[in-house]
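Enquirer: No letters, just coordinates:
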């Protein structure tokens, strides 16, 4: 499973969110992580994030794709981080 | 085609990037847009963005998926905007 995670959290909690996401995914750009993972690892990541964020203020979106086979990634400007899953 | 666009641009250029992205996609969360579009419209969006950003400083990633059929979107915390393309 391929995952794109985008967070928009209060600056007070950013470092904890970053630290947690880094355990499971690759940092791509400010506020964005991506990576291949499993259902079980994703469930663990989500459970850790739920303990960190304030649900009244923060927002994290996780896009899950079963395959990256028909996908493409375009980068305009700097390529800041991450691995290339796309051909 | 389904597109997720994530931008990380200097604050000086954010409002122009926002205005341009809003013409083509739906705002979802700080730094994130998504939406269904066509190859032609995406090419137009990219060409407009290329004129706005500074390639030495800014970064915009556009993930393109031919289908959202096998996809899932999880939101932790606030749902800030956007439409529901996922069932």
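Expert: In hand now; what should we look at? Remember, it's a predicted structure, so these values are computed and weren't measured experimentally.
Enquirer: What residues sit buried inside stretch A:57-65?
Expert: The neighbour-count check on stretch A:57-65 (16 or more other CB atoms under 10 Å in any protein chain shown) flags A:58, A:59, A:60, A:61, A:62, A:63, A:64, A:65 as buried. (C-beta placed from N, C-alpha, C; glycine too.)
Enquirer: how near is the last one to residue A:52?
Expert: Distance from residue A:65 to residue A:52, counting by CB to CB, to the nearest Å: 24 Å.
Enquirer: And the contacts of stretch A:65-79?
Expert: A:1-4, A:85-86, B:9, B:46, B:49-50, B:53-67, B:70-71 (CB atoms under 8 Å, 6 or more residues apart in numbering or on different chains).
Enquirer: So, low pLDDT: which residues of chain A?
Expert: Residues of chain A that meet the criterion pLDDT under 70 lie in A:68-71, A:82-87.
Enquirer: can you give me the helices for it?
Expert: Counting by DSSP state H, the segments of chain A that form helices are A:11-24, A:39-52.
Enquirer: Going by neighbour count, list what's buried in the last one.
Expert: To tie it back to what came earlier, the one meant is helix A:39-52. If you call a residue buried by 16+ other CB under 10 Å, then helix A:39-52 has these buried ones: A:41, A:42, A:45, A:48, A:49, A:52.
Enquirer: Between those residues, which sits nearest chain B?
Expert: residue A:49 (5.5 Å; CB to the nearest CB).
Enquirer: How about the contacts made by the closest one?
Expert: Contacts of residue A:49 (CB under 8 Å, 6+ apart): A:17, A:20, A:21, A:60, B:76.
Enquirer: which of those count as buried?
Expert: Buried among the contacts of residue A:49 by 16+ other CB under 10 Å: A:17, A:20, A:21, A:60, B:76.
Enquirer: Quickly note the distance from the third one to chain B.
Expert: Meaning residue A:21. Using CB to the nearest CB, to the nearest Å, we find residue A:21 at a distance of 12 Å from chain B.
Enquirer: isn't that residue right next to residue A:4, touching?
Expert: No: counting by CB atoms under 8 Å, residue A:21 does not reach residue A:4; the two are 11.4 Å apart.
Enquirer: any shared contact partners between the two?
Expert: With CB under 8 Å, 6+ apart, residue A:21 and residue A:4 have common neighbours residue A:33.
Enquirer: Which residues of chain A lie near chain B?
Expert: A:4, A:6, A:8-9, A:28-32, A:46, A:49-50, A:53-67, A:70-80 (CB under 8 Å from any CB of the partner chain).
Enquirer: who does residue A:27 bridge with?
Expert: When bridges are taken as DSSP bridges, the partners of residue A:27 come out as residue A:33.
Enquirer: Contact partners for it?
Expert: By CB under 8 Å, 6+ apart, the contact list for residue A:27 reads A:18, A:21, A:33, A:81, A:82.
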